[in-house]
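S.K.: coords please:
(chains A, B and C)
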Amino acid sequence: MTALTLYLFRHDLRLRDLPGLHKAAERGRVLPLYILDEAAAGDFAPGGASRWWLHHSLRALQTSLADRGGTLLLRRGASADILRQLIERTGADAVYFSRGYTPWERALEGELHRELTELGIDCRRFGSSLLHEPEHIANQSGEPYKVFTPFWRACRRASEPAMPLPEPDAVNWAEPPSPGDDLEDWQLLPDKPNWAAGWETLWTPGEDGASERLARFLGERLEDYASGRDFPAQESTSRLSPHLHFGELSPRTLWHAVRAAAEQHPGLHKPADKFLSELGWREFSAHLLFHFPALVDSPFRPDFRHFPWGGSKPRREAWQQGRTGYPVVDAGMRELWQTGYMHNRVRMIVASFLTKHLLTHWQRGERWFHDTLVDADMGNNLCSWQWAAGCGADAAPYFRIFNPVLQGKKFDPEGHYVRRWVPELAALPDRHLHAPWEAPASVLQEAGVTLGEDYPEPVVDHREARETALGAWQTLRERAQNAD
DNA sequence: TTTTGAGTTGTTCGA
DNA sequence: GTCGAACAACTCAAA
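M.R.: Model prediction:
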């Protein structure tokens, strides 16, 4: 009987570029396993949209493994208990998995390592979800970077991310000792109502879907990425974020694929560098959360502890439901609700709107995104919301309050994005589309729009909201001065 | 240790 | 309509 390793899948739902799986396969037989441990994740257990994705991604992994003669064992519950049981029943002597970087994943890893080592089990983790391990990127004082540009410079100076590993061939898959759970019983898919109807046409979760998306990005979109990425009506972004989050595509694979494309076509160097720096932001967020776990519920800039957050439930709901009366904001929130995704430029606009125009605590926004985004990622989500609110690392200055009308005019000049998601305004001419309340009555009438009936009046006046927000920052400054 | 330059994504105002 | 300057003060990174 050869050695048996339990390979615990986590945010690495793929077979290629998986160092732990290679090592497990070298040892002998491998039992592939996924544990849905919602208690360990707490508030950061997958939200609604992520559950949809997880279901389909696990299905895809099951199928891939079945094609290769393996059976993915699904279990739900406390990881340590399930692993102990399995070890007892199978005689496994090793548990391998990919490393996680969020506070709850690290806590869980610590617990597993402690308990399994006590049982004499070889418990090992492998880095495969980031380009660089957080311990390897530090400034000259040995401290973590707090500003993106020097962080990314350091990453670019550091050793090149490892070349991705191929899928291990001829793995000796072990059969599970019991059938385990049926994926359907986990009820990860929405029901009553099925708000994800039609998402299959938008997304293909799983490693193959990720590869196709990557190929399409490199072939059709990378060329225009640098200039096109800011225009939400254009198909210039990669939409790889959910694939990256669930580990269906490793960042190293992506890194080397983009680099290789740029080597072949020198014209792609600029957009490739731009794209890689966006991957750098993913890296930066993960590293920040690793070094500063308090980011989960505390502002990175401590003076923001006393920020006079306010906001009201009706306004927050108007934001969530895409009826703030600001077309580009509403378009974004509806895209999110209907597809589980929102274009990056629009994420910034709606985040600025919630935190600055509505003076709502960034955590409200973070929670909503966590629940509704298919790419909801703890590091990205926390750091980006704090950044938008002005309390994060390397955050926007306080006076940078996005003007939703100007943003709309600048980044959706022809209104394709707004018309798609806010069809009741589709007949408005371009010049009035982003501020319908300023359109002459005759124009509104001709477009068949009655404000307050077909489409809401603005929930707040931009100028007033801006003044209020600036005033709120003023109170922080005064408080800081008084404290001296 | 001290010093210096720089810091994702913007808006508004006034010329 | 376009353009440049002002909008704070501070922390961080690195020489």
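
S.K.: stretch A:56-69 - what's its average pLDDT?
M.R.: Regarding stretch A:56-69, the rounded mean pLDDT is 98.

S.K.: same question, stretch A:174-190
M.R.: Mean predicted confidence for stretch A:174-190 is 97.

S.K.: grab the nearest non-local neighbour of the residue of the stretch 251-400 of chain A found nearest DNA strand C.
M.R.: Closest approach between the stretch 251-400 of chain A and DNA strand C, counting by C-beta to the nearest atom of the strand: A:Pro397, at 3.1 Å. Quick note: C-beta positions are derived from backbone N, CA and C, even for glycine. Using C-beta to C-beta, 6 or more residues apart in numbering and skipping residues adjacent in sequence, the residue nearest A:Pro397 is A:Gly390, 7.3 Å away.

S.K.: now the biggest strand by length in chain A: buried residues?
M.R.: What stands out as the longest strand in chain A, according to DSSP state E, is strand A:28-36. Neighbour counts over strand A:28-36 (16 or more other C-beta atoms under 10 Å) mark A:Arg29, A:Val30, A:Leu31, A:Pro32, A:Leu33, A:Tyr34, A:Ile35, A:Leu36 as buried.

S.K.: tabulate these (TSV), appending distance to DNA strand B and pLDDT.
M.R.: Shown next, in TSV, are the buried residues of strand A:28-36 (distance: C-beta to the nearest atom of the strand, whole Å; pLDDT from 0 to 100):
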residue	distance to DNA strand B	pLDDT
A:Arg29	44	98
A:Val30	38	98
A:Leu31	40	98
A:Pro32	35	98
A:Leu33	35	98
A:Tyr34	31	98
A:Ile35	33	98
A:Leu36	31	98
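
S.K.: who in chain A is up against DNA strand B?
M.R.: A:147-149, A:230, A:278, A:281, A:344-345, A:348, A:384, A:387, A:394, A:396, A:399-403, A:406-407, A:410, A:462-463, A:466 (C-beta under 7 Å from any atom of the strand).

S.K.: now a PyMOL select for only the buried ones of those.
M.R.: Buried residues among the residues of chain A next to DNA strand B (16+ other C-beta under 10 Å), as a PyMOL selection:
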select buried, chain A and resi 148+230+281+345+348+384+387+394+396+401+402+403+407+462+466
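
S.K.: just the helices in the stretch 201-350 of chain A please.
M.R.: A:207-216, A:225-228, A:241-245, A:251-264, A:269-291, A:313-321, A:327-339, A:344-352 (DSSP state H, counting those that start in this stretch).

S.K.: how about A:Ser312, phi and psi?
M.R.: Backbone torsions of A:Ser312, given as degrees, to the nearest 10, read phi -130, psi 160.

S.K.: elements contacting the longest strand of chain A?
M.R.: In terms of contacts (3 or more C-beta pairs under 8 Å, 6 or more residues apart in numbering; DSSP states H and E), strand A:28-36 is packed against strand A:3-9, helix A:48-67, strand A:73-76, helix A:79-90, strand A:172-173.

S.K.: can you list the buried residues in the worst-scoring helix or strand of chain A on mean pLDDT?
M.R.: Least confident helix or strand of chain A, by mean pLDDT, DSSP states H and E, is helix A:462-483 with a mean of 82. Using 16+ other C-beta under 10 Å as the test for burial, helix A:462-483 gives A:His462, A:Ala465, A:Arg466, A:Ala469, A:Ala472, A:Trp473, A:Leu476.

S.K.: apart from its neighbours in sequence, what residue is nearest the fourth one?
M.R.: In space, not counting the residues next to it along the chain, A:Ala469 is nearest to A:Lys356; the distance is 4.5 Å by C-beta to C-beta, 6+ apart.

S.K.: was I right about the one you found contacting A:Ala465?
M.R.: Yes. If you go by C-beta atoms under 8 Å, A:Lys356 and A:Ala465 touch, sitting 7.1 Å apart.

S.K.: poorly predicted segments of the stretch 151-300 of chain A, please.
M.R.: The stretch 151-300 of chain A contains no residues with pLDDT under 70.

S.K.: repeat the analysis, applying 90 as the threshold.
M.R.: A:170, A:192, A:226-227, A:235, A:266 (pLDDT under 90).

S.K.: got it, and the stretch 1-150 of chain A?
M.R.: Looking at the stretch 1-150 of chain A by pLDDT under 90, you get A:1-2, A:140-142.

S.K.: what of the stretch 351-484 of chain A?
M.R.: Ranges of the stretch 351-484 of chain A meeting pLDDT under 90: A:390, A:392-400, A:467-484.
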